[in-house]
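Trainee: no sequence for this one, just the structure:
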């Protein structure tokens, strides 16, 4: 009996030792978990401090406006110049002025700090014209003189030379519509009228009305062209060739007009 009791007591001691060991391991694991939690909280606190420091640095920059030596190209440039109110701003793009929305309440590196809106239609020299020819004309290989000016904003078209001179670098649109007068023919024959729009000495577009076996007939024509022009480039309308007796109908029947679509502001400002 005594031996049995001693054996049970020994087993109890062993179990208590195991329980004590397991308890120690649990306590150790809880300690590690608490340490990990404390570490994660510290990391989060340091990240917040870093963000706050960056934001404060941005605020310091805004509080100390300075010249950047050029036109602003972004919200970041606007911050440097001292802007701190959220809103739409105009900045310089590659060729044109652009509109952006700046949110100065967030960090410059965060998404949404700058949102691109679109292009701003800025023209340093508004340019558009609408002209007509008042008198009979049948000259070839020479600019047609459209001597009746209905519109000539910017005075880029010269009615004394028949030449449009681009005041700024950019994209332009031109259109010509008119009529050619074909005389009566006594035999089977074909009359033609060949007219073109020229950029300097290079043809950009042609119109080619023609008729066969006519009896004093008008033939309508039109041409359009969108062209890139450098400042100082010339545009003119010239009759390339035509049959004998054919002529350009004048008055309200023939009109030439054009306008500046988009200016390359970077060239105008020597950007």
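Mentor: Yes, it's here. As the structure is a prediction and not an experimental result, all values here were calculated from the model. Residues are numbered from 1 along each chain as shown.
Trainee: Tell me where the stretch 51-200 of the chain is predicted with low confidence.
Mentor: In the prediction, the stretch 51-200 of the chain carries residues with pLDDT under 70 at positions 51-64, 185-188.
Trainee: Tell me which stretches of it form helices.
Mentor: Under the criterion DSSP state H, counting those that start in this stretch, helices of the stretch 51-200 of the chain are mapped to 75-81.
Trainee: Does the most centrally placed residue in the chain have any beta-bridge partners, and if so which?
Mentor: Central residue of the chain (C-alpha atoms, centre = their mean): residue 119, 5.1 Å from the mean position. Note on residue 119: beta-bridge partners residue 98, judged by DSSP bridges.
Trainee: Residue ranges of each domain in this protein, please.
Mentor: Domains of the chain are assigned by automatic domain parsing as 1-64, 65-119, 128-268.
Trainee: Number of residues surrounding residue 126?
Mentor: Neighbours of residue 126 under the rule other C-beta atoms under 10 Å: 11. No exception for glycine: its C-beta is placed from N, CA and C like everyone else's.
Trainee: Thought residue 170 was touching it, still the case?
Mentor: No - the pair residue 126 / residue 170 is not scored as a contact, 11.7 Å apart, by C-beta atoms under 8 Å.
Trainee: Give me the common contacts of those two.
Mentor: Residues touching both residue 126 and residue 170 (C-beta atoms under 8 Å, 6 or more residues apart in numbering) are residue 260.
Trainee: deepest of the domains of the chain, which one?
Mentor: domain 128-268 (a mean of 17; mean count of other C-beta atoms under 10 Å).
Trainee: any idea how far that domain is from the chain center?
Mentor: 30 Å (C-alpha atoms, centre = their mean, to the nearest Å).
Trainee: go on, stretch 98-115?
Mentor: In terms of C-alpha atoms, centre = their mean, the centre of stretch 98-115 is found 19 Å from the chain centre.
Trainee: again with stretch 112-119
Mentor: Computed by C-alpha atoms, centre = their mean, the separation of stretch 112-119 from the middle of its chain amounts to 12 Å.
Trainee: Show residues contacting it.
Mentor: Counting by C-beta under 8 Å, 6+ apart, 74-76, 88, 93, 96-104, 106-107, 262 sit against stretch 112-119.
Trainee: so how far is residue 96 from the residue nearest to the centre of the chain?
Mentor: According to C-beta to C-beta, to the nearest Å, residue 119 and residue 96 sit 5 Å apart.
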